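>>> Quick one: sequence plus predicted model below, questions after.
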Amino acid sequence: MKNRLLQDTLDLMRLPGLSGHEDRVRREIRKRLSDIEVESKTDRLGNLTAYFPGDGPSVMLFAHMDQLGFIVRKIEDNGMIRLARLGGVPERALAAQEIVICVPTGRDITGIIVNKSHHATSGDEKYQVVLSDDLYVDVGMASSMAVRAAGIRIGAPVVYAPYAHVLGEDRIVGTSVDDRAACAVLLEMARLLKARTGGPPVHLAFTVLEEFNLRGAQPLAQRLAPDIAIQLDLMLATDTPDMAGKGDMLLGGGPGMSLYSFHGRGTLNGVIPHPAMVSLFEAAAEAEAIPLQRSAQVGVLTDLSYVQLAGEGVASIDMGFPLRYSHSARELCDLNDLVALTRLLYAGLGRICPNFSLDRDDHT
Ligand SMILES: [Zn+2]
């Protein structure tokens, strides 16, 4: 399991899949599902689902395929390119980054987000973050004509140059660990669910547009009408000097369960998990001797915020893996957390029997 999780994570991290442009990632995941003889289908937005029949309350277990990045906003006469941000891109981590502009498969073009020559940088400028509106990309071409001839148009998707490596023994570093690591966990879940002999009906879903508008999974939740929704994404690791005081989430310390998430930046949304789901995963973790970490964060939001509101309401919980340096081009997670998360999810699903109660009064 560990080697497969590593390989799937690294392979998926190497594919560009900006929000609204997840197609290459979706096709690769679909191929991997088909390799293990799991049928899948794509909806109009690009969400990919696979169904595993069973008895009892139905479960939607999902992770997003898309990643944040940019869109080509303007091509200057001299061939320089201006970008519009898409998603929560950290502006102070952009200068001197390598990016890839996606043109139809196989013809992607590498560029660099420039950093003004240091020799010409004034004292004040040295400590300023250049806003993304003022940044530009150099693709090594001298005119807008050359840029257009290469296939770059306004609206083209742009991502951090894909990068995926192992750091130390078991740590994975690179682009879009958020949320390809969870997509790899879902692929492993597909292998496990295919071989199981009982359990609840499960819809595995690889979703779109999370980093853009958080609502790509919404039509899926409306269509599938699950009783339970489990979302997989990063949990903010707080074991670095800059995160001291933010929580108790250790990288390599086991999977995480979110007890509270709230955006707090104008979006009145977040998730307070259903008590049945909290006790389910606590019990599963204890029975399997898996350390389960708890997260409560403001500033974090996932598409579960919208999924939980579908139909009559969905018993929901955010589960995930600790991650450092979120949304930068070098995110970091620990492979052992992905293994433990997979084991915990499988054990948790196994405890959802046909009479599993979603009545809050049975759990509070
Ligand atoms: Zn994410």
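Here it is on my side, so go on. Residues are numbered from 1 along each chain as shown.
>>> can we go C-alpha only for contacts and neighbour counts from here?
Noted.
>>> So what pairs up with the nearest residue to Gly140 once chain neighbours are set aside in the strands?
Nearest residue to Gly140, sequence neighbours excluded (Cα to Cα, 6 or more residues apart in numbering): Gly111, at 7.3 Å. When bridges are called by DSSP bridges, Gly111 pairs up with Ile99.
>>> Now do the contacts for Gly111.
98-101, 137-140 (Cα atoms under 8 Å, 6 or more residues apart in numbering).
>>> Redo those as a markdown table? Include neighbour count and pLDDT.
Formatted as a markdown table, the contacts of Gly111 follow (neighbours: other Cα atoms under 10 Å; pLDDT from 0 to 100):
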| residue | neighbour count | pLDDT |
| --- | --- | --- |
| Glu98 | 19 | 97 |
| Ile99 | 23 | 97 |
| Val100 | 20 | 97 |
| Ile101 | 24 | 97 |
| Val137 | 23 | 97 |
| Asp138 | 18 | 98 |
| Val139 | 19 | 97 |
| Gly140 | 14 | 97 |
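>>> pLDDT at the residue nearest to Gly140, what is it?
pLDDT recorded at Gly111 is 97.
>>> And the one 4 residues further on, by the same measure?
As predicted, Asn115 sits at a pLDDT of 90.
>>> Over to the one 4 residues further on?
Residue-level confidence at His119 comes out at 92, pLDDT.
>>> what's the spacing between the residue nearest to Gly140 and Ala225?
For Gly111, the distance to Ala225 equals 43 Å [Cα to Cα, to the nearest Å].
>>> what ranges do the strands span in the stretch 151-300 of the chain?
Taking DSSP state E, counting those that start in this stretch as the criterion, the stretch 151-300 of the chain carries its strands at 157-160, 164-167, 171-174, 202-207, 228-236, 256-262, 270-271, 293-298.
>>> Surely Leu131 is in contact with Pro90?
No. At 9.9 Å, Leu131 does not count as touching Pro90 under the criterion of Cα atoms under 8 Å.
>>> okay, those two: which has more neighbours?
Pro90 (15 against 12; other Cα atoms under 10 Å).
>>> can you list the domain ranges for this structure.
The chain resolves into domains spanning 2-67+175-362, 69-160 when parsed by automatic domain parsing.
>>> Could you work out the end-to-end span of the longest one for me?
I take that to be domain 2-67+175-362. Terminal residues of domain 2-67+175-362 are spaced 37 Å apart (Cα to Cα).
>>> likewise stretch 116-127?
Stretch 116-127: ends 13 Å apart by Cα to Cα.
>>> Report the distance from that stretch to the chain centre.
Distance of stretch 116-127 from the chain centroid (Cα atoms, centre = their mean, to the nearest Å) equals 35 Å.
>>> residues in contact with the lengthiest helix in the chain?
Longest helix of the chain, by residue count under DSSP state H: helix 177-195. Applying Cα under 8 Å, 6+ apart, the contact partners of helix 177-195 are 1, 4-5, 8-9, 12-13, 29, 32-33, 36, 38, 52, 62-67, 204, 206, 232-234, 320, 326-327, 331-333, 338-339, 341-342, 346.
>>> need the residues of the stretch 101-250 of the chain near the ion, please.
Residues of the stretch 101-250 of the chain found near the ion (Cα under 5 Å from the ion) are 178-179.
>>> Name the spans of the stretch 101-250 of the chain whose pLDDT lies under the cut-off.
Filtered on pLDDT under 70, the stretch 101-250 of the chain yields the residue ranges 105.
>>> Could you report the neighbour count for Ala310?
19.
>>> Tell me if I'm right that it and Ala221 touch.
Yes. At 6.1 Å, Ala310 counts as touching Ala221 under the criterion of Cα under 8 Å.
>>> what's the distance between the spatially most central residue of the chain and Ala142?
Centroid-nearest residue in the chain: Asp179, 2.2 Å away (criterion: Cα atoms, centre = their mean). Applying Cα to Cα, the value for Asp179 to Ala142 is 36 Å.
>>> One more: Arg82?
From Arg82 to Ala142 the distance is 15 Å (Cα to Cα).
>>> Those two - which one has more neighbours?
Higher neighbour count among Arg82 and Ala142: Arg82, with 21 against 14, using other Cα under 10 Å.
>>> So that one lies in a helix, does it not?
No. Using DSSP: H, G, I helix; E, B strand; the rest coil, the assignment for Arg82 is strand, not a helix.
>>> what's near enough to touch Tyr306?
Residues in contact with Tyr306, defined by Cα under 8 Å, 6+ apart, are 214-215, 217-218.
>>> Can you verify Pro322 is assigned to a strand?
Yes. According to three-state DSSP, Pro322 belongs to a strand.
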